[in-house]
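# Predicted model and sequence below, questions to follow.
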Amino acid sequence: MIDKVVTSGTFSLDGGTWDVDNNVWLVGSAGEVLIIDAAHDAAAIAERVGDRRVTAIVCTHAHNDHINAAADLAARVDAPILLHPDDRELWEMVHPGRSFTPLADGQVLTAGGIELTVLHTPGHAPGAVCLHAPRLGAVFTGDTLFRGGPGATGRSFSSFDTIIESITKRLLTLPPETVVHTGHGDSTVIGDEAPHLEEWLARGH
């Protein structure tokens, strides 16, 4: 089962603030789910969860728009917050002094009988991760890969060369029919994104 809540708020970094709509994904079964990203509105996410048990709140990275509701949501659904430790500095900007459970590349998370493998995909942020669910034929990419190209790398803590390497080695090696569920906007499939990546490489950004 894959469910989605779209929440709205702002993203702030490097002195700028932008309005954004975020995809919050719930993956699992009728009785148990894992939440991918805790964006903006803990109440709306908790309402969608309903009476299901939450195994974890997984942050694909620690930009504020993906974690700003994490503490509130964790309290509401009684679940741990998981984040790759390379994003600790970004996390501390939003939740100073609050701990999280570290994620590791290759770690397997489960919810409702669904296994999701953590793929460390730095570039958009140092600790960015994607979650691959082979049984669902899906990968949840946060802001690493979108429909039409890679995530933004023009701000602090990001690297264009690094995100291209992550996408090439960790995502484009997945089966081409794998559905890509993104942190913002519409979903796509892996097979459609390889040509777009070539275009971005040719442009050099």
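Happy to help now that I have it. Numbering: from 1, shown residues only.

# got the residue ranges for the strands in this protein?
Using DSSP state E, the strands of the chain run over residues 2-13, 16-28, 32-36, 53-58, 81-83, 101-102, 108-111, 114-120, 129-133, 138-142, 145-146, 149-150, 179-182, 188-189.

# most residues in a single helix of the protein, which one?
Looking across the chain with DSSP state H, the single longest helix is helix 190-203.

# Now that one: buried residues?
Taking 16 or more other Cβ atoms under 10 Å as the basis for neighbour counts, the residues of helix 190-203 that come out buried are Ile190, Glu193, His196, Leu197, Trp200. For every residue, glycine as well, the C-beta is placed using N, CA and C.

# residues touching Leu131, list them.
Under the criterion of Cβ atoms under 8 Å, 6 or more residues apart in numbering, the neighbours of Leu131 are Val27, Ile36, Val58, Thr60, Leu109, Leu116, Thr117, Val118, Leu119, Val139, Phe140.

# again, only this time at 6 Å
Leu131 is in contact with Leu116, Phe140, counting by Cβ atoms under 6 Å, 6 or more residues apart in numbering.

# Distance-wise, check it relative to Asp65.
Computed with Cβ to Cβ, to the nearest Å, the distance linking Leu131 and Asp65 is 18 Å.
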